[in-house]
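Engineer: Provide a 3D model corresponding to the input given below.
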Amino acid sequence: GDDFILTTFFMTEGETTAPMHISESDLIKKMDDTGIGTDATIAEHIKTIIKRGYAYKDGQKFIPTNLGRALFEGYNNMGYQMTSPELRATMERDCRRIARGETT
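Structural biologist: Predicted coordinates for the structure are as follows:
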């Protein structure tokens with residue numbers, strides 16, 4: 001590769017902000033858009049997230065718990081993309097194909 005010579009470096013002061021918490025309707029739309037669950041199972045997925053203590057609801061918004069944040073960061077730090085909705089959608093598609101006998 002080519003060498004890179006830094007000629008100018010500026011630092012600015014600022015603050016980061018956490019992403020907005022997701023609402024239940026936004027979560028349902030994201031699950032639907034990525035193929036996670038079915039109309040019959042989406043509500044059960046949401047109940048499981050809360051029951052296992054990954055998040056809690058404050059009004060219509062989901063707030064991640066320390067456990068939920070730790071799992072998210074832990075899986076990402078280990079290189080597993082377990083937090084990717086596309087991974088879950090692919091897994092569910094593969095399970096449906098196996099159930100239909102299309103693959104093993």
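Engineer: Now for Asp39: which residues touch it?
Structural biologist: Residues near Asp39 by C-beta atoms under 8 Å, 6 or more residues apart in numbering: none. Every residue, glycine included, has its C-beta placed from N, CA and C.
Engineer: quick one: Gly53 and Thr8, what's the gap?
Structural biologist: Using C-beta to C-beta, to the nearest Å, we find Gly53 at a distance of 48 Å from Thr8.
Engineer: If you count surrounding residues, which of the two has more?
Structural biologist: Counted by other C-beta atoms under 10 Å, Gly53 and Thr8 do not tie: Gly53 has more neighbours, with 11 against 4.
Engineer: Where does Phe62 sit, in terms of helix or strand?
Structural biologist: Here Phe62 is covered by strand 61-64, with elements defined by DSSP states H and E.
Engineer: What's the first helix or strand after that strand?
Structural biologist: helix 66-77.
Engineer: Extract the CA atoms of whichever helix or strand comes after that next one and return them as PDB.
Structural biologist: Toward the C-terminus, helix 66-77 is succeeded by helix 85-99 as the next helix or strand (DSSP H and E). What follows is helix 85-99, C-alpha atoms only, in PDB (Å, rounded to 0.1, in the frame of the first residue of the first chain):
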ATOM      1  CA  PRO A  85     -31.900  -8.500  11.600                       C
ATOM      2  CA  GLU A  86     -30.800  -9.900   8.300                       C
ATOM      3  CA  LEU A  87     -29.100 -12.800  10.000                       C
ATOM      4  CA  ARG A  88     -32.300 -13.700  11.900                       C
ATOM      5  CA  ALA A  89     -34.400 -13.400   8.700                       C
ATOM      6  CA  THR A  90     -32.000 -15.700   6.800                       C
ATOM      7  CA  MET A  91     -32.200 -18.200   9.700                       C
ATOM      8  CA  GLU A  92     -36.000 -18.200   9.600                       C
ATOM      9  CA  ARG A  93     -36.100 -18.500   5.800                       C
ATOM     10  CA  ASP A  94     -33.700 -21.500   6.000                       C
ATOM     11  CA  CYS A  95     -35.900 -23.100   8.700                       C
ATOM     12  CA  ARG A  96     -39.000 -22.700   6.500                       C
ATOM     13  CA  ARG A  97     -37.200 -24.300   3.600                       C
ATOM     14  CA  ILE A  98     -36.100 -27.300   5.700                       C
ATOM     15  CA  ALA A  99     -39.700 -27.700   7.000                       C
END
